[in-house]
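[1] everything below, folded, please.
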Amino acid sequence: MLHPFLKRLLPAVVVLSAACAAHRPPPTGPTGGRVAVQSPAALAAIWDAEHVSPPLPPLVRHGEVEAWLQQLRARASDLFFLEEIGRSVEGRSINHVWFGRGPFHVLLWSQMHGDEPTATCALFDLFEFVRRHGDEPVVRQILAALTVHVVPMLNPDGAERFQRRSAQGIDINRGALLLQSPEGRALKGLRDRINPPLGFNLHNQSWRTSAGRSDRPASISLLAVAFDAARSDNPGRIRAKKVCATIRDALEPLADARVAKYDEEFEVRAFGDNMTKWGTSVVLIETGAWPGDIPGAPATPGTPGESPDAALVRLNFVALVSSLEALATGRVDHADRARYESLPMNDSNAFYGLIQHASIVTGTGVAPFTGDVGLVVNRGVRTVNGERQMRVTTRIDDLGDLRVFGAFETIEAEGLTLAPLFDRALKAGDEVQLPDWTAWKGTTISVGQPGDLVLLRPSAGGRFRVEAIFRSDVIAGAIAQR
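    Model prediction:
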């Protein structure tokens, strides 16, 4: 048996190195006294113990957001303040939550794209952190120095469908100039009313995005958003770059070499770019992939690991708390913005999964050949028998000699045969005879085909032993329809 044929990459919970900390002065409060700083490890441990977000963020719906908001109102009405700032195309509420009483205003918004839910969950974990730790030095400093405004789930209609666009079919993030959508108008109206000097635009990005040309995913990508085509700097954008540097320092102990820089090109229609033009410098946080087992394949024996979604929500939580603390204490002013500038750029050179050096039987009748198969993964939400299910689909994106590509999960298959999954009842350890491929009518191993595959070890008498099975469509979780 191929053992192990998959590796889980778990976040290392470690403290900041002395080298990273040595060149930064300790933060001070408004009277010059030192203020406690939560280490990334401590924040990760707090998240592990106290988070309220679900294990599968893609299944979060507008109803869950409204329920969380009502809990905030019931449990801490003296700390959190709520208002409705608009309604979606289909009449769902768009909500504004704020806390703190400080003079420096910060605006955060999430799920402008309905299928990008990770940060929405992290925001409610942030609220829970503030609620539970309001009497502790870090949170007291945030409350005293900042007023934090949050719009969770800007696109609730898209979230119901788990789609990028709104019910109008509009990409809200490309409508900052025409403001055709009520969702976009609500965000613009809030920005104009509170006029914050800094904003956080919270998104998800393709699971194929890597940190530079590497086999490491860009689990978090950062951008100090430009306000002109020349990508000029002004004091606000310099502050945003220092916030990005602060986030990099906070996340690298937890996600080594998986933090990257998003494309800096100015987008004339986008909200982040126009927010920056309007006077609110924007930090973009894009959440990518966190490697786990390739969906549809059996888990690596002995490494139960954790949900990739949980790891990504944790990273967002640490990034947000670290940023707010650095802004509140003034620590951000001492951040080295070269730490932002030196981030590796996003790249799309990596597959989610790569099966290497297999003898490939395509199922089309051509002779077997040695090569590699690159797999990409997508997710979608469906309602089946009253249950909302997240389904993960795997597709063949390329095959041949793929040595120039990276992958987040690599399977070494030298000496093994890779074939289409010709019998869905197969299981690991079965002894099988290959079918007559000239009469085969099912899926094949070719670009664009589903990733229904079986990995086989040659056995006696022209037979094969099943090593691993890959299924192109698997249920990753379900929640009752509400």
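[2] return the set of residues that bridge with Asn201.
    Beta bridges link Asn201 to Trp109, Leu284 when assigned by DSSP bridges.
[3] could you give the number of residues near it?
    For Asn201, the neighbour count with other Cβ atoms under 10 Å is 26. Backbone N, C-alpha and C define where each C-beta goes, glycine included.
[4] residue contacts, it?
    Contacts for Asn201 (Cβ atoms under 8 Å, 6 or more residues apart in numbering) come out as 109, 112, 225, 271-272, 275, 282-285.
[5] also Phe422?
    The neighbourhood of Phe422, defined by Cβ under 8 Å, 6+ apart, consists of 363, 434-435, 440, 442, 454.
[6] show me where the stretch 251-400 of the chain has helices.
    All helices of the stretch 251-400 of the chain, identified by DSSP state H, counting those that start in this stretch, fall at 271-278, 308-329, 338-341.
[7] format those as JSON lines; extra columns: mean pLDDT and mean neighbour count.
    Shown next, in JSON lines, are those (pLDDT from 0 to 100; neighbours: other Cβ atoms under 10 Å):
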{"stretch": "helix 271-278", "mean pLDDT": "97", "mean neighbour count": "22"}
{"stretch": "helix 308-329", "mean pLDDT": "96", "mean neighbour count": "25"}
{"stretch": "helix 338-341", "mean pLDDT": "98", "mean neighbour count": "16"}
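[8] which stretch among these comes nearest Asp430?
    Nearest to Asp430 among the helices of the stretch 251-400 of the chain is helix 308-329; the distance by Cβ to Cβ comes to 29.2 Å.
[9] could I get that closest one in CSV with only the CA atoms?
    Output in CSV follows, covering the C-alpha atoms of helix 308-329 (Å, rounded to 0.1, in the frame of the first residue of the first chain):
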residue,chain,number,x,y,z
PRO,A,308,-8.7,23.4,6.3
ASP,A,309,-11.4,25.9,6.8
ALA,A,310,-10.7,26.0,10.5
ALA,A,311,-7.0,26.7,9.9
LEU,A,312,-7.9,29.6,7.6
VAL,A,313,-10.5,31.2,9.9
ARG,A,314,-7.8,31.0,12.6
LEU,A,315,-5.3,32.8,10.4
ASN,A,316,-7.9,35.6,9.7
PHE,A,317,-8.7,35.9,13.4
VAL,A,318,-5.0,36.3,14.3
ALA,A,319,-4.5,38.8,11.4
LEU,A,320,-7.4,41.0,12.5
VAL,A,321,-6.6,41.0,16.2
SER,A,322,-2.9,41.6,15.6
SER,A,323,-3.8,44.5,13.3
LEU,A,324,-6.2,46.2,15.6
GLU,A,325,-3.8,45.8,18.5
ALA,A,326,-0.9,47.3,16.5
LEU,A,327,-3.1,50.2,15.4
ALA,A,328,-4.4,50.9,19.0
THR,A,329,-1.0,50.8,20.6
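[10] any idea how far that helix is from the middle of the chain?
    Distance of helix 308-329 from its chain centroid, counting by Cα atoms, centre = their mean, to the nearest Å, is 13 Å.
[11] kindly report the same for stretch 249-264.
    12 Å.
[12] how long is that stretch end to end?
    20 Å (Cα to Cα, to the nearest Å).
[13] so which bits of it are buried?
    Neighbour counts over stretch 249-264 (16 or more other Cβ atoms under 10 Å) mark 249-255, 258-262 as buried.
[14] so which bits of stretch 383-395 are buried?
    By neighbour count on 16+ other Cβ under 10 Å, the buried set for stretch 383-395 is 388-395.
[15] redo those as JSON lines? Include distance to Cys121 and pLDDT.
    Listed next are these as JSON lines, based on distance: Cβ to Cβ, whole Å; pLDDT from 0 to 100:
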{"residue": "Arg388", "distance to Cys121": "16", "pLDDT": "83"}
{"residue": "Gln389", "distance to Cys121": "18", "pLDDT": "85"}
{"residue": "Met390", "distance to Cys121": "14", "pLDDT": "84"}
{"residue": "Arg391", "distance to Cys121": "19", "pLDDT": "86"}
{"residue": "Val392", "distance to Cys121": "18", "pLDDT": "86"}
{"residue": "Thr393", "distance to Cys121": "22", "pLDDT": "91"}
{"residue": "Thr394", "distance to Cys121": "24", "pLDDT": "93"}
{"residue": "Arg395", "distance to Cys121": "27", "pLDDT": "95"}
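[16] can you tell me the SS state at Asn173?
    Of the three states, Asn173 takes helix according to DSSP: H, G, I helix; E, B strand; the rest coil.
[17] most neighbours among the contacts of Asn201, which one?
    For the contacts of Asn201, the largest number of neighbours (other Cβ under 10 Å) sits with Trp109, at 31 neighbours.
[18] quick one: Ile46 from Glu264, how far?
    For Ile46, the distance to Glu264 (Cβ to Cβ, to the nearest Å) stands at 33 Å.
[19] picking up where we left off before, which of the contacts of Asn201 lies closest to Arg185?
    The nearest member of the contacts of Asn201 to Arg185, counting by Cβ to Cβ, is Phe271 at 11.5 Å.
[20] skip the chain neighbours and tell me the closest residue to the closest one.
    Of all residues not flanking Phe271 in the chain, Ala176 sits nearest, at 4.4 Å (Cβ to Cβ, 6 or more residues apart in numbering).
[21] what residue spans form the domains of this structure?
    Recorded structural domains for the chain (assignment: automatic domain parsing) are 18-347, 351-480.
[22] and those domains, which is most packed in?
    Mean neighbour count, computed with mean count of other Cβ atoms under 10 Å, is highest for domain 18-347 among the domains of the chain, reaching a mean of 20.
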